[in-house]
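J.: predicted model and sequence follow; I will ask about them next.
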Amino acid sequence: MSSTNRSNARDAHIADYYKTPLKPIEDFLTKFCYEENLKLENKKILDPCAWWDINNPMSYPTVLTKLWANNIKTNDIREDSPAEYHQDFLSSTLQNVYDIVITNPPFNIAQDIIEKALQVCNRGGMSLCY
Ligand SMILES: C[S@@+](CC[C@H](N)C(=O)[O-])C[C@H]1O[C@@H](n2cnc3c(N)ncnc32)[C@H](O)[C@@H]1O
């Protein structure tokens, strides 16, 4: 309970440390790559919200690697994430860098993350946030 005597559950929800299951990511990406004739190998890919916990690997990088991606950068605002970078993605000054940005953003800032993802994609790049 917080000092205002309300449950901490809401804070956990806002922080949004929900782990995306691997199977739906793999199903989606397999079909998407097939339909778009997209090869992930040698694409510059960013997961900007890539937290994990002790029992689970980072969801999107795990599936992307399985589907032959070999140039994946990871970021998460949490210092305890094993992501390579620990920045607020919304403050990033990156522009036009990645071929693909893919993540499951926190719901409360999903729109902002999607718009930021589009800014860091290069020309012809794609933002997949769901
Ligand atoms: C819904 S979880 C997704 C975790 C993981 N990507 C997955 O799919 O299993 C959202 C993640 O966004 C991170 N996050 C929240 N705000 C952020 C921000 N401004 N910049 C970067 N990461 C952020 C949280 O720490 C959390 O790990």
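T.: Yep, that arrived. Computed from a predicted structure; not experimentally measured.

J.: distance of the residue nearest to the spatial centre of the chain from the ligand?
T.: By Cα atoms, centre = their mean, the mean C-alpha position of the chain lies nearest to residue 103, the distance being 2.4 Å. Distance of residue 103 to the ligand, given as Cβ to the nearest ligand atom, to the nearest Å: 5 Å. Every C-beta, even on glycine, is put in place using the N, C-alpha and C of the backbone.

J.: so who does that residue touch?
T.: 47, 48, 49, 50, 60, 113, 117, 128, 129 (Cβ atoms under 8 Å, 6 or more residues apart in numbering).

J.: narrow the residues you listed to those in helices?
T.: Assignment to helices by DSSP state H places the following of the contacts of residue 103 there: 60, 113, 117.

J.: out of the contacts of residue 103, which end up buried?
T.: 47, 48, 49, 50, 60, 113, 117, 128, 129 (16 or more other Cβ atoms under 10 Å).

J.: tabulate the residues you listed (JSON lines), appending distance to the ligand and pLDDT.
T.: Shown next, in JSON lines, are these (distance: Cβ to the nearest ligand atom, whole Å; pLDDT from 0 to 100):
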{"residue": "47", "distance to the ligand": "6", "pLDDT": "97"}
{"residue": "48", "distance to the ligand": "6", "pLDDT": "97"}
{"residue": "49", "distance to the ligand": "3", "pLDDT": "95"}
{"residue": "50", "distance to the ligand": "5", "pLDDT": "93"}
{"residue": "60", "distance to the ligand": "6", "pLDDT": "97"}
{"residue": "113", "distance to the ligand": "7", "pLDDT": "96"}
{"residue": "117", "distance to the ligand": "11", "pLDDT": "96"}
{"residue": "128", "distance to the ligand": "12", "pLDDT": "89"}
{"residue": "129", "distance to the ligand": "10", "pLDDT": "84"}
